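Enquirer: A structural model of the following input is requested.
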Amino acid sequence: MPIIKEAKLKHAELLSKISKTTFLTSHGHSAPREDIDNYLEQNFSEQNFIDELSNKTNTYYLIYVDDKIAGYSKIIFNKTQSTITSKNVTYLSRLYLLKDFYGLGLGKILFDFNRNLCKQNNQVGIWLYVWIQNVKAISFYKKMGFQKIGNADFKISETHSNPNHILYLKF
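Expert: Prediction:
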């Protein structure tokens, strides 16, 4: 039975390791290796997670199976998006699972947990960015009820951006 726990400062190193591993799995081939390595170091360092976990606008949850870490989520309540007119919307910044835990329904469990948390906090929907070549993630989010509402570029480096869809799920 999966267990979901709120992440604390003590989890910064763990979040850094999971993030680097999962990002490489899903995006490692999306840009030159040097750009990917620099992105990982700039965005997924332990210090970066200490800073993010210290910022109360960021909400992180870890999911465990049999006492093994399987992944995590990051949401930001009341984070507007220019193509959404509602104000009480949540940005699902990350829903990352380690590859060993694919196919177990954990993504849905963690997503449902976050959706319920959003509803409890008077949010009217969830939005996110997803790389247009991440077919597995796009399929998952469509099954969860998300619809494409726009496009955006996700900056990997000064010289490389990946095209993304903006997806939205209205409650």
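
Enquirer: for the helix or strand harbouring residue 92, list the C-alpha coordinates in CSV.
Expert: In this assignment (DSSP states H and E), residue 92 forms part of strand 89-97. Output in CSV follows, covering the C-alpha atoms of strand 89-97 (Å, rounded to 0.1, in the frame of the first residue of the first chain):
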residue,chain,number,x,y,z
VAL,A,89,-5.8,27.5,-9.8
THR,A,90,-2.9,25.3,-8.8
TYR,A,91,0.3,24.8,-10.8
LEU,A,92,1.4,21.1,-10.9
SER,A,93,5.1,21.8,-11.3
ARG,A,94,6.2,18.1,-11.0
LEU,A,95,4.8,14.6,-10.8
TYR,A,96,7.9,12.5,-11.0
LEU,A,97,8.1,8.7,-10.6
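
Enquirer: which residues of this structure fall in helices?
Expert: Ranges of helices in the chain, per DSSP state H, are 12-27, 33-43, 46-54, 106-120, 135-143.

Enquirer: excluding residues flanking it in the chain, which one is nearest the residue positioned nearest the centre of the chain?
Expert: Taking C-alpha atoms, centre = their mean, the centroid of the chain lies closest to residue 94, which sits 0.6 Å from it. Closest residue in space to residue 94, ignoring its immediate chain neighbours: residue 74 at 4.2 Å, by C-beta to C-beta, 6 or more residues apart in numbering. Using the backbone N, CA and C atoms, a C-beta is placed for each residue, glycine as well.

Enquirer: now that neighbour: how far from residue 49?
Expert: Using C-beta to C-beta, to the nearest Å, residue 74 is found at 10 Å from residue 49.

Enquirer: for residue 71, same thing?
Expert: From residue 71 across to residue 49, the span is 15 Å (C-beta to C-beta).
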